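Peer 1: Predicted model and sequence follow; I will ask about them next.
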Amino acid sequence: MNLLIISDLHIDTGDNLGIFQWNDEEFIGCIEKFRELYSVNRIILNGDIFELLKYSFYEIRKARPLLVRYLLNSKFIILKGNHDILNIIGKEFYRITNSSGQVIHIEHGHNADWLNGNFLGRFLGQFIFFLLKRTSNLKFMMDLYFNILKRNEGISVIPKKYNTLNYLTYALRKLKECDVLILGHTHKLESHHTYYMNRKKRYINCGSCSLGRFEGIILNTETLEYDLIKETIESLRKSNSLTHAG
Ligand SMILES: [Mn+2]
């Protein structure tokens, strides 16, 4: 079975506070493109799908009816992230065992992170987003917010605090009981291999589909072979126009 795993879309209403930066049709087209390309049997939305710290679900659905209807279709498996933790939909994790007994465990990954993994941290986060929303009409506040965001994502510069070790430590602990661990949350697409008790272990992070990127993982559950997907709106538009021209 081929899985497509994506996370951290942070779908918004399309206002100046939002970080999704896709239009509905193009994003759906992108998912469908990879579904066909890799003969995907199941799609996992690994948390932080909706930005419910800034908006209500009702606001998002009203702004993007097409995309919300598409994603809530039963063919997607939805997992909870820290930005949609209070949502009524979504499971904590998804776990399957293949025919050779290898275990694949998928979760959003905020439990590795003290700020999002406990009640006080989440409360603080909500408070910060509340302040941000109140100041979203001030251009310098929004510039500041997006500058910090892009710095943390490593888009404009390599972030000072490229904190992978935290998640690696968490992943190593989890990998005692599974063979493949897939997290999201850090917005950093990456993969690491190690060996434990004569078994090959894989930690993969599925990156993010925010800020106009499309990152994710294709995993074959039987062979455990995988591909990392890394695209942007721009590169997709370019390849589409090439196809049309040809
Ligand atoms: Mn998260």
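Peer 2: Noted; the coordinates are in hand. Residues are numbered from 1 along each chain as shown.

Peer 1: Show me which residues of this structure are close to the ion?
Peer 2: 48, 81-82, 110, 185 (Cβ under 5 Å from the ion). From N, CA and C alone the C-beta is placed, and that goes for glycine too.

Peer 1: Can you show me the CA trace of stretch 15-22 as PDB?
Peer 2: What follows is the C-alpha trace of stretch 15-22 in PDB, where atoms were taken according to Å, rounded to 0.1, in the frame of the first residue of the first chain:
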ATOM      1  CA  ASP A  15      -6.500  37.100   5.300                       C
ATOM      2  CA  ASN A  16      -3.200  38.900   5.900                       C
ATOM      3  CA  LEU A  17      -2.600  36.800   9.000                       C
ATOM      4  CA  GLY A  18      -2.700  33.500   7.100                       C
ATOM      5  CA  ILE A  19       0.300  31.400   6.200                       C
ATOM      6  CA  PHE A  20      -1.200  28.700   3.900                       C
ATOM      7  CA  GLN A  21      -0.800  30.900   0.800                       C
ATOM      8  CA  TRP A  22      -2.400  28.400  -1.700                       C
END
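
Peer 1: Buried residues, it. List them.
Peer 2: 17-22 (16 or more other Cβ atoms under 10 Å).

Peer 1: Export those as TSV, with columns for distance to residue 92 and secondary structure.
Peer 2: As requested, the buried residues of stretch 15-22 are exported to TSV (distance: Cβ to Cβ, whole Å; DSSP: H, G, I helix; E, B strand; the rest coil):
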residue	distance to residue 92	secondary structure
17	28	coil
18	26	coil
19	24	coil
20	24	coil
21	28	coil
22	27	coil
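
Peer 1: could you dump the residues you listed to a markdown table with pLDDT?
Peer 2: Output for those, formatted as a markdown table (pLDDT from 0 to 100):
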| residue | pLDDT |
| --- | --- |
| 17 | 88 |
| 18 | 92 |
| 19 | 93 |
| 20 | 96 |
| 21 | 94 |
| 22 | 96 |
